[in-house]
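Undergrad: what's the 3D shape of this:
(one chain, ligands or ions: 1)
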Amino acid sequence: MKYTEIMVRYGELSTKGKNRKDFIKQLGKNVRSVLAGYSDVVVKAQRDRLHVDLNGQDDQPVMNDLKRVFGIENFYPSIKIEKTMDAIKTTALQMVKEQFEPGKTFKISTRRQDKDFEYHTDQINNMLGDYILENVDGITVDVKNPDIEIRVEVRMNGAYLSSEKIKGAGGLPVGTGGRATMMLSGGIDSPVASYMAMKRGVKIDMIHFYSPPYTSEQALGKAKQLTSVLAKYSGGIQFIAVPFTEVQETIKEKVPEGYLMTIQRRMMMRIAAEITKNRHCTGIFNGEALGQVASQTLESMMAINDVTSMPVLRPLISMDKTDIIEISKDIDTFDLSVLPFEDCCTIFTPPAPKTRPDLEKSRKFEQYIDVDGLMERAISGMTITDIKPGEDYMNANAEIFAELL
Ligand SMILES: Nc1ncnc2c1ncn2[C@@H]1O[C@H](COP(=O)(O)OP(=O)(O)OP(=O)(O)O)[C@@H](O)[C@H]1O
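TA: Sure, this is the predicted structure:
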């Protein structure tokens, strides 16, 4: 069946009362941005549903892209036909026949927007139901739990029929939950945390620390590539690369070995908090999960969090690694995350970092370095890239990558 339109049902929006208008507007904007590559497609965000008019565009790629947009509960590929009972009957029968197998049940659900149409809702349901029963041997009606549901909408500009129901990404439209920064490494966890932040409607800017020459161009390319995969869920993400070499070298020189990791993380957090404030964002997300590594004990989090009053949000805090990996596979970041390029946190890692750093000692050892000067120089060296969904930051260096793998 060649579909002409995709009808989108809103997710949690329907429960949001007075914010509903903003949510619908934002979702419309997000859907338009994700489908911008299809020049013929027209998106209309209306009060109770959103309509994607395909205008001859193949439905499959559009539906694949729609599956990633947060704020959509379900969508229904539909076909627009002439607004006559004959046309409705013929198309409904064709739809049923495409799905019918012996023993299957069906139901007709009609909505009528055009109050001047010659039949009202119950009449349409009955007439169509009878027609299907007469023409499909062995089929029966089940109004509670049908195997096949044919939805008929009689609108002002035509009749629309749909049957397939496709599950959307759920969540809230990105942009309705405020704006925050995300500390993105090249690992498995922070891309998953980014996805979860965006799913709750938060628009994120990525902050990535890198330390040339200890970290390579490829490691930076990998973090950008992860961002371009994640941008498919939100349509465009700003990627902020912050040089961290001087900070790390200074800490290595001045701070006792057991506290290298804690002081590095405190500096990362300070710089991230300053960037977050300057960009008028109101929180910092990261990919920490309790107990995973030395920096992710409660004591460690307290020692690192000490440097800012900005909310630090950790969507993965109580998740098991296996569950995080499962999500990273689902959202297509896993294969990239496991590419073996070093992160700046893995260089200068002492053999035995303090897993339960002392807060007072952390504060004291930090005084051995010029916190303000280091912060200022790192922030003034940052670069910002606008990353679009699906943009390629890896293949340009394909040969170098192949050698490294
Ligand atoms: N180079 C970096 N730039 C920005 N943030 C970072 C960087 N390295 C680590 N982080 C942040 O600190 C968190 C903890 O990092 P860590 O390396 O301790 O743990 P991890 O479990 O390996 O995390 P990930 O899988 O996200 O790398 C990361 O999830 C990320 O939010």
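
Undergrad: thought P212 was touching F244?
TA: No - using CB atoms under 8 Å, P212 is not in contact with F244; the gap is 9.3 Å. (Glycine included, C-beta is placed from N, CA and C.)

Undergrad: The two: which is more packed in?
TA: More crowded of P212 and F244, by other CB atoms under 10 Å: F244, with 26 against 13.

Undergrad: Hmm, that one is touching Y210, no?
TA: Yes - proximity of F244 to Y210 meets the contact threshold set by CB under 8 Å, at 6.4 Å.

Undergrad: any common contacting residues for the two?
TA: C344 (CB atoms under 8 Å, 6 or more residues apart in numbering).

Undergrad: any idea of the mean pLDDT in the strand or helix carrying V229?
TA: For V229, the host element (DSSP states H and E) is helix 217-230. Helix 217-230 carries an average pLDDT of 95.

Undergrad: can you give me the helices in the chain?
TA: 20-34, 59-66, 85-99, 121-135, 189-199, 217-230, 245-254, 260-278, 298-305, 321-330, 334-337, 359-366, 371-380, 398-404 (DSSP state H).

Undergrad: Report all helices and strands that the first one contacts.
TA: Read it as helix 20-34. Using 3 or more CB pairs under 8 Å, 6 or more residues apart in numbering; DSSP states H and E as the contact definition, the elements that helix 20-34 packs against are strand 5-10, strand 42-45, strand 49-53, helix 59-66.

Undergrad: Contact residues of this structure facing the ligand?
TA: Within the chain, the residues that sit near the ligand (CB under 6 Å from any ligand atom) are 183-185, 187-190, 207-209, 286-288, 292-293, 295, 343-345.

Undergrad: try 5 Å
TA: By CB under 5 Å from any ligand atom, the part of the chain that sits against the ligand consists of 183, 185, 187-190, 208-209, 286-288, 292, 295, 343-345.

Undergrad: Which of those residues has the largest number of neighbours?
TA: Busiest of these [other CB under 10 Å] is N286, holding 29 neighbours.

Undergrad: Test my guess that that residue contacts P191.
TA: No - between N286 and P191 there is no contact under CB under 8 Å: 11.7 Å.

Undergrad: returning to that earlier point: what two of the residues of the chain next to the ligand are the furthest from one another?
TA: Taking CB to CB as the measure, the residues of the chain next to the ligand span a maximum distance of 19.6 Å, between H208 and Q292.

Undergrad: ok, L298 touching L290?
TA: Yes - if you go by CB under 8 Å, L298 and L290 touch, sitting 7.1 Å apart.

Undergrad: Between these two, tell me which one has more neighbours.
TA: For L298 versus L290, neighbours defined as other CB under 10 Å are more numerous around L290 (13 against 10).

Undergrad: Now do the more buried one, the pLDDT please.
TA: pLDDT, L290: 93.

Undergrad: number of nearby residues for the nearest residue to it once chain neighbours are set aside?
TA: In this structure, L290 finds its nearest non-sequential neighbour in I317, 5.5 Å apart by CB to CB, 6 or more residues apart in numbering. Neighbourhood size, I317 [other CB under 10 Å]: 15.

Undergrad: Ok, V338 next?
TA: V338 has 12 nearby residues by other CB under 10 Å.

Undergrad: and what of V247?
TA: Using other CB under 10 Å: V247 sits among 25 other residues.

Undergrad: go on, the one 5 residues further on?
TA: K252 sits with 15 neighbouring residues when counted by other CB under 10 Å.

Undergrad: before we move on, what about the one 3 residues further on?
TA: Other residues near V255 number 20, with proximity taken as other CB under 10 Å.

Undergrad: That one is in contact with F365, isn't it?
TA: Yes - between V255 and F365 there is a contact under CB under 8 Å: 4.9 Å.

Undergrad: got any residues that touch both of these two?
TA: Common neighbours of V255 and F365 (CB under 8 Å, 6+ apart) are I263.

Undergrad: Could you report the pLDDT at the residue nearest the centre of the chain?
TA: Central residue of the chain (CA atoms, centre = their mean): Y233, 3.7 Å from the mean position. Per-residue pLDDT puts Y233 at 90.

Undergrad: A45 is in contact with K25, correct?
TA: Yes - applying CB under 8 Å as the test, K25 and A45 come out as touching, 6.8 Å apart.

Undergrad: Looking at the two, which is more packed in?
TA: Set K25 next to A45 and count neighbours by other CB under 10 Å: A45 wins out with 20 against 14.
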